[in-house]
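> A predicted structure for the sequence below; I have some questions about it.
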Amino acid sequence: GESVGLHLPTLSVQEGDNSIINCAYSNSASDYFIWYKQESGKGPQFIIDIRSNMDKRQGQRVTVLLNKTVKHLSLQIAATQPGDSAVYFCAELPPGSDYKLSFGAGTTVTVRA
Amino acid sequence: DGGITQSPKYLFRKEGQNVTLSCEQNLNHDAMYWYRQDPGQGLRLIYYSQIVNDFQKGDIAEGYSVSREKKESFPLTVTSAQKNPTAFYLCASSVNQETQYFGPGTRLLVL
C-alpha cells in the first residue's frame, strides 16, 4: 500500500505487504527530520530520523527516504503487521526555529488481516 | 526505568477552574516541551524550556502557564482564560533539542 500526493489522511494495507507513507515538508533548508508512530490514546513513539546530508536511512523493518529536490520524505515499513496500525507523522526542524519541530497532521495506517 | 511520565491520564475541568498537568522525566534531558493535540491536527507547541528556570512561549501559549524549577519537572497549568481546553496534552523532552521523546499524554475534558 502507498499514500501518494502531498498527504493522504488514511492508508489501508494488507498484512504482510510493504507500506509507504509520504510526507511533504515545507522548508527546503530544514536539516533534520523525524518519523513518529502514535497508537490510539498514547503518546507518539520515535521511529527513525534522518539528516539532510543523507538520502536514506534504515532501521528495523523501516526505511526513511529523503528527496530534497522535491522536499519529500517517505517512511517504508516492510512486511506490515497488525501492530503497525497507528497514525504516522513526520516532523522537520527548520533553521532559525529555535529548535522547534514542525509536525505534519499524520497518516492513519490500518492493517487488514 | 527511564522515561517520561504524565499524570493524570484523564483530567476534568469545571468552568472557571485552573488545572495543572504534571510532566516528569528521569532521562536527564535539558529541554522539555508541551504540545496540544486536537483530532485530525498536528501537534501545536504551547510552551518549551531549554534549561532549568527558563521557558519560552510556543505558538498557542494564551491561556496556559508553566514553570521549570527543576530539571526533571515541567508542569503545565491550564487557566480559566483558556476557553477551549478540551484536547490531548503531550509532554516531551530532548537531550539535544532535536530528537524529542514523548510521554503518554493527558486527556483534558471540560465538565
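Here it is on my side, so go on. Residues are numbered from 1 along each chain as shown, chains lettered A, B, ... in the order given.
> State the number of residues packed around the residue nearest to A:Lys42 when sequence neighbours are not counted.
Excluding the flanking residues, the one nearest A:Lys42 by C-beta to C-beta, 6 or more residues apart in numbering or on different chains is B:Pro104, at 5.9 Å. Bear in mind the C-beta positions are built from the backbone N, C-alpha and C, glycine included. Per other C-beta atoms under 10 Å in any protein chain shown, the neighbour tally for B:Pro104 reads 15.
> now B:Ala61
16.
> Doesn't it lie inside a helix?
No. Going by DSSP: H, G, I helix; E, B strand; the rest coil, the assignment for B:Ala61 is coil, not a helix.
> about what we covered before: residue contacts, the residue nearest to A:Lys42?
B:Pro104 sits next to A:42-43, B:4-6, B:9 when contact means C-beta atoms under 8 Å, 6 or more residues apart in numbering or on different chains.
> Make a PyMOL selection of the buried ones in these.
Those of the contacts of B:Pro104 that count as buried under 16 or more other C-beta atoms under 10 Å in any protein chain shown are selected in PyMOL with:
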select buried, (chain A and resi 43) or (chain B and resi 4+6)
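> Determine the set of other helices and strands touching the one helix or strand in chain A whose mean pLDDT sits lowest.
Every helix and strand of chain A was ranked by mean pLDDT, DSSP states H and E. The lowest is strand A:102-103, at a mean of 90. Packing partners of strand A:102-103 (3 or more C-beta pairs under 8 Å, 6 or more residues apart in numbering or on different chains; DSSP states H and E): strand A:86-92.
> Quick one: mean pLDDT over the strand it packs on.
If you average the pLDDT over strand A:86-92, you get 94.
> Now do the contacts for B:Gln100.
B:Gln100 touches A:34, A:46, A:101, B:31, B:33, B:92-94, counting by C-beta under 8 Å, 6+ apart.
> And A:Asn18, how far from B:Ser73?
42 Å (C-beta to C-beta, to the nearest Å).
> and if you look at B:Val95?
For B:Val95 relative to B:Ser73 (C-beta to C-beta), the value is 16 Å.
> in stretch A:46-57, what counts as buried?
A:47-50.
> just these now: which is nearest chain B?
Closest approach between these and chain B, by C-beta to the nearest C-beta: A:Asp49, at 6.0 Å.
> tell me which element the nearest residue to B:Ser73 once chain neighbours are set aside falls in.
Closest residue in space to B:Ser73, ignoring its immediate chain neighbours: B:Glu24 at 5.4 Å, by C-beta to C-beta, 6+ apart. Per DSSP states H and E, B:Glu24 falls inside strand B:19-25.
> That'll do, ta.
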